Each structure stands twice: as structure tokens, then as C-alpha cells.
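J.: A predicted structure for the sequence below; I have some questions about it.
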Amino acid sequence: MSEAVNATTRTGTGAAAFGLLRGGASAVLPVATVVAVIVAIWYAACIPLNSAWLIDRAGPEAELSTGDILAGVFNQERPVIPAPHQVATELWNTAVAEPPMIERRDELRGNPRSLVFHAWQTMAPTILGFLVGTFAGICLAIGIVHNRAMDLSVMPWAIASQMVPILAIAPMIIVVLNAVGIEGLLPKSLISAYLSFFPVVVGMVKGLRSPGAMDLDLLATYSASAAQTLRKLRLPASLPFLFTSLKVGIAASLVGAIVAELPTGARFGLGARLLTGSYYGQTIQIWSALFMAAICAALLVGLLGWIEKITLRRMGLAQ
Amino acid sequence: MNQAAAVSDPAPVIQARHLDLTFQTADGPVQALKDVTLSIGKGEFVSFIGPSGCGKTTFLRVIAALESPTGGSITVNGMTPDEARRKRAYGYVFQAAGLYPWRTIERNIRLPLEIMGYSAAEQENRVKNVLQLVDLEGFGRKYPWQLSGGMQQRASIARALAFDADLLLMDEPFGALDEIVRDHLNEQLLALWKRTQKTIGFVTHSIPEAVYLSTKIVVMSPRPGRITDVIESDLPDERPLEIRDSAAFQRIATRVREGLRAGHAYDD
């Protein structure tokens, strides 16, 4: 866990994490510029959005000077939109200053005041669901490419499954699974898997079908079996497509895990933080949870990008 | 060479009789091959030449069981093409090298050996031999993109030679290469053919290439794809590149050209 804490401190924001992973030193300046512009716009937006509350509180007769307003919009306890430094402070206090684990009743337990603990509560089902979804997606794609009946029947259902709003279907899955006694990691993972299998199916079907007629003819001249064709040609050829899908899939997984926490009133997790934050009007807490989710997504996508780079380089597909 | 063909004439490697092949396309049926009768003896180097659409590639693909004829009969080593394919009777070289970009040259050549279940030691041995045969020693660890087009095509020939097929089918293997590289590869191919004693079917649309390489030239014409002339070459075994300036060479080239002109309907 302490490593995760360090990583968060070093990277700061999701955008910076991207920049560092992607392009190294040469990317720092452009990324920093964009971040600076966003922060400036953000501060500017605080002024009109948060001043209404100030004017309200001062009463209809009071005349507020520009100085009064500027002094009041960036430090409210429950602002419409918290200022960047408020979010940064909250992130620091909850993710860095708080230990993710504390000792209670002689036992080392998760610290519910730590944002890192909550992030992990969401990351674990994200990763498990992503692995399940990826595996299911690859299996379905292999079936679709090799079996005409599956080719005609699976894709429409896969597409239909993604047309149902996840916000509508997640509570049903959670409630049904709860009723049969399945709780904790698994229901959340299933929602994640439900969202992440789809991009993998689409990408892998395209990837497995990417070898040209000549490549397939070549294997036919060796009278290679379908399994050999899959292993020697279709799977290696599909890898670049797979990685693209995985990056979409893991982001969808994270969304799935967060959404899965909403309907059950989960106590831990980023979704739970968002929910309690909105119950009590804790906009700062909401925003810091959102940033934590962005950081998690950036780390996951960055990790996948790194694996992709190494894999493709080892395969000789990237220089 | 003619002698070699004569000796094995009783049992030809390829025997096609009245072969027909009609493709059903959206624009109606297209007759790719019509009444093709041809016999290829062991150790012959046979070129198929003709304009696009004359069925030369289709005929090669029928031999390889990549297409099925709609009429007539054909045997490869006395078997149906499909049986011959399952017995791995031939190596096929395509127009493009078609090397897998994620495999090194060595591992590309290994591909058929892996599929056919050769032992690791045997694979090692054969890869080494064929790399030497096509003059690519020292390039085994390179990836295809690190090699020139001509070297890639040589690697794909090595891949087709790696397993024990006596028949080598080549579909315009040097079509995409420039003439200097092509001359060089033709010379090498001839030397290779002499050394390995394989039967070679070679599709081309270059007259000099066909005359330079072949013991037998099959001239074909389109719509419908058919054979218009079969020329037995009387060029000597030893063929330096300069042979292309000789009178004998020119005589055969002229006959090929006339055969092409006679069969080619220029008016459409």
C-alpha cells in the first residue's frame, strides 16, 4: 500500500501521469501548459458559481465588494465547485496523510478515512472484473470467428447488452446476487466484467480476422488445423487490436465498479465516497473521489500501455 | 533436363485432363480455366505465362488444392490435389513474401516445420540448411522488416524448401522486385533447382524470365483461360545470364510472344 501512496504523490494528477508514461521529459512542458490552463479556468469558474451563496448569506441589502467576493469564493466549506487547492488539500489529507490501514481491536483493518483504502476497495473488483471480462471477451471472439452460428447470434446480443444503461441493470444484479448470498468483491466484479467484455469482443473479432487471404492460404498449404491457425497466426496478429480494446475495457471496468457501489449503499469504495459526499453536500469529498478515480484510471491505462509496449517490442512489431 | 523429364514421363508429377474451373461471381459465371490438359514430369521447371486473367495463378492454386476444379481431372503425385496437400507434397511461394512480422526469419522458416511436427533438433538443422541454400546465413535472427524485398522473398522460398516437398509452386514470386534483383534471384533459383532436383511450377508474366528459367513454357490466354502453346525449351543446362543474347534464346522468346499475341484478344 505504501507504494501506492508514493505513486499518487509523485504523479499528482491523472494528466501528469499520462504525460510521464507516454513521452518522458519532452512531454512535460505541453502537459504542464494544458494543466495550468485548466486550473486557471477552474479558478475563474469558482467566482460566479460560488458567489451566489455569499450574496445570499449577506442578505438583499448588503453590498459586497469585489474583494469580499474574491475572498469568499475559494474557501467555502460546501462550495458549488471547490477550488483546485481545496481538492488538492483534501486529496493530500485523505490519501497521503491518512494511513490506508489502521489497528482497531488488535486487528489491522482498512481505514475508512483513507482515500487510498477506498480506491483499493474499487480497484480490486475493477481488476478482477477486467480479467474476467477480458477472458470472456477473448473466448467469445474465438467462438465468433470459428463458428458460423455464433457469428450470427452472439454479436447482436453483445451489442444489445451494452444498450441497456448500466445504471439500470447494476442494482438488479447486485440485489439478485445479494439475495442468493453472494456479496462483496464478486457482484462488483461482475458489473465490471459486463462492461469490459464488449470492447474486447469487438476488437478481438477484428483482430482475429485481420490476417489476409494469403496468410491463411499459406497455412492451408501446410494443411494446418484450425487450432494451429489460431495459435500461429490469428492470435499473434490480433494482439495490437487486443491492447487497444483492453485500454477501453479497463476504463469501462472502473466505471462499472464505481456504479456497482451506488445502488447498495456500499460503505467503502470510490462510489461510496461519491454517494455519501452527495448525501451531505460534501462537494470537496466528491471532487477528490473523482480525482482519485481519474488517477486510478490513468494508472491502469498507463500500466497497460507499458505492457503493450514491452510485448509488441519483444514480438518485433514495434521498434 | 529433357532427359530427366523423359525418364519420369510414365509417372508425371502433375497430370491434368480437360480441366475446367468456373467461378460464380456477382456478374455471372467466369470461366477461369477451360479444357486444360497438361502433364508435368519429375524434375521439370515449368513456367506459366500469359496476361492477367488467363488462369495461370488459378491453375497453380488448383494444383495446390486452394481452388477446386468444376470439371475434368487432375492428379498430383498420382493423388488428388487435396490428398497431396494433406501429405504436404508441395511448397508454395506467393507473390508477396508473406513473412509473419512477429517472427524472425529463422522462426518464419520454422513455421511449417512446427505445424508438421518436426523435432526441435531437426527444425534447427533444416533452418540452417535452407538459409544456406538461399544465401541468407547470418540473417536468421533478423525480423522481416530489417531485410530488403529481395531478401524477404528469398526467405519465403527458404520457408517453402524447409520441408521435404519435391514440388515447388511459385506464383510470380519476383513480380514486385526490380529487374536487377530479379536477374540475380533468377540465377540463384536456377542453381537451387539444379541442386535440389525439385519439380517447379512458376507463374510469371515476364517473357525473358520464363525463357531463361524453364524447361517447358506453357503459354496461356484469357477469357476463357486456356493453354494456347506448350514450348519445350532446347536451351542447355548451363545458363549464364548472357544466354539471353543468344539466337536460341531469342527464337524461343519470339515463339512465346507469338503465342501470347495469337491468344490475346486485344480488341476487348
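T.: Yes, it's here.
J.: Please make it C-alpha for all contacts and neighbour counts, starting now.
T.: Noted.
J.: For chain A, what's the nearest residue on chain B?
T.: Proximity of chain B to chain A (C-alpha to the nearest C-alpha) peaks at residue B:102, 4.9 Å away.
J.: Verify the assumption that that residue is located in a helix.
T.: No. Assessed with DSSP: H, G, I helix; E, B strand; the rest coil, residue B:102 is coil; it does not lie in a helix.
J.: Could you report the distance from it to residue B:128?
T.: From residue B:102 across to residue B:128, the span is 20 Å (C-alpha to C-alpha, to the nearest Å).
J.: in the stretch 151-268 of chain B, which spans are helices?
T.: Here the stretch 151-268 of chain B has its helices, by DSSP state H, counting those that start in this stretch, at B:179-196, B:207-213, B:247-263.
J.: got the ones you listed as a markdown table, with mean pLDDT, mean neighbour count and distance to chain A columns?
T.: Converted to a markdown table, the helices of the stretch 151-268 of chain B look like this (pLDDT from 0 to 100; neighbours: other C-alpha atoms under 10 Å in any protein chain shown; distance: least, C-alpha to the nearest C-alpha, whole Å):
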| stretch | mean pLDDT | mean neighbour count | distance to chain A |
| --- | --- | --- | --- |
| helix B:179-196 | 86 | 15 | 20 |
| helix B:207-213 | 90 | 21 | 24 |
| helix B:247-263 | 87 | 17 | 28 |
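J.: With distance to residue A:130 as added columns, please give those helices in JSON lines.
T.: Converted to JSON lines, those look like this (distance: least, C-alpha to C-alpha, whole Å):
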{"stretch": "helix B:179-196", "distance to residue A:130": "51"}
{"stretch": "helix B:207-213", "distance to residue A:130": "57"}
{"stretch": "helix B:247-263", "distance to residue A:130": "62"}
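J.: Count the neighbours of the residue of the stretch 101-250 of chain A found nearest chain B for me.
T.: Relative to chain B, the nearest point of the stretch 101-250 of chain A is residue A:223 (5.6 Å; C-alpha to the nearest C-alpha). The number of residues packed around residue A:223, counting by other C-alpha atoms under 10 Å in any protein chain shown, is 19.
J.: if I pick it, what's in contact with it?
T.: B:85, B:86, B:88 (C-alpha atoms under 8 Å, 6 or more residues apart in numbering or on different chains).
J.: repeat that with 7 Å
T.: If a contact means C-alpha atoms under 7 Å, 6 or more residues apart in numbering or on different chains, then residue A:223 has B:85, B:86 as its contacts.
J.: Repeat that for residue A:183.
T.: Contacts here follow C-alpha under 7 Å, 6+ apart; on that basis residue A:183 touches residue A:177.
J.: Kindly confirm my reading that it is in a strand.
T.: No. With three-state DSSP as the criterion, residue A:183 is coil rather than part of a strand.
J.: And it, its phi and psi?
T.: Note on residue A:183: backbone dihedrals following degrees, to the nearest 10 are phi -130, psi 170.
J.: Tell me how far it lies from residue A:125.
T.: 12 Å.
J.: and chain A, which residues reach chain B?
T.: Residues of chain A lying close to chain B by C-alpha under 7 Å from any C-alpha of the partner chain are A:215, A:221, A:222, A:223, A:224, A:315, A:316, A:317.
J.: Just the buried ones from the residues you listed?
T.: Buried subset of the residues of chain A next to chain B (neighbour count, 16 or more other C-alpha atoms under 10 Å in any protein chain shown): A:215, A:221, A:222, A:223, A:224, A:315, A:316, A:317.
J.: Can you tell me the SS state at the fourth one?
T.: Meaning residue A:223. coil.
J.: Poorly predicted segments of chain B, please.
T.: Chain B contains residues with pLDDT under 70 at B:1-10, B:263-268.
J.: Return the residues of it in contact with chain A.
T.: By C-alpha under 7 Å from any C-alpha, the residues of chain B that approach chain A are B:64, B:85, B:86, B:88, B:92, B:98, B:101, B:102, B:112, B:115, B:143.
J.: now the helices for the stretch 1-150 of chain B?
T.: Secondary structure of the stretch 1-150 of chain B by DSSP H, counting those that start in this stretch: the helices cover B:2-7, B:56-63, B:81-86, B:105-115, B:120-133, B:149-161.
J.: Could you export those as a markdown table, including mean neighbour count?
T.: What follows is these, written out as a markdown table (neighbours: other C-alpha atoms under 10 Å in any protein chain shown):
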| stretch | mean neighbour count |
| --- | --- |
| helix B:2-7 | 14 |
| helix B:56-63 | 23 |
| helix B:81-86 | 19 |
| helix B:105-115 | 23 |
| helix B:120-133 | 17 |
| helix B:149-161 | 24 |
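J.: closest one to residue B:237 among these?
T.: In terms of C-alpha to C-alpha, the element of those nearest to residue B:237 is helix B:2-7, at 9.5 Å.
J.: Same list, the residues of chain A next to chain B, but as JSON lines with distance to residue A:266 please.
T.: Formatted as JSON lines, the residues of chain A next to chain B follow (distance: C-alpha to C-alpha, whole Å):
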{"residue": "A:215", "distance to residue A:266": "52"}
{"residue": "A:221", "distance to residue A:266": "58"}
{"residue": "A:222", "distance to residue A:266": "57"}
{"residue": "A:223", "distance to residue A:266": "56"}
{"residue": "A:224", "distance to residue A:266": "52"}
{"residue": "A:315", "distance to residue A:266": "43"}
{"residue": "A:316", "distance to residue A:266": "46"}
{"residue": "A:317", "distance to residue A:266": "44"}
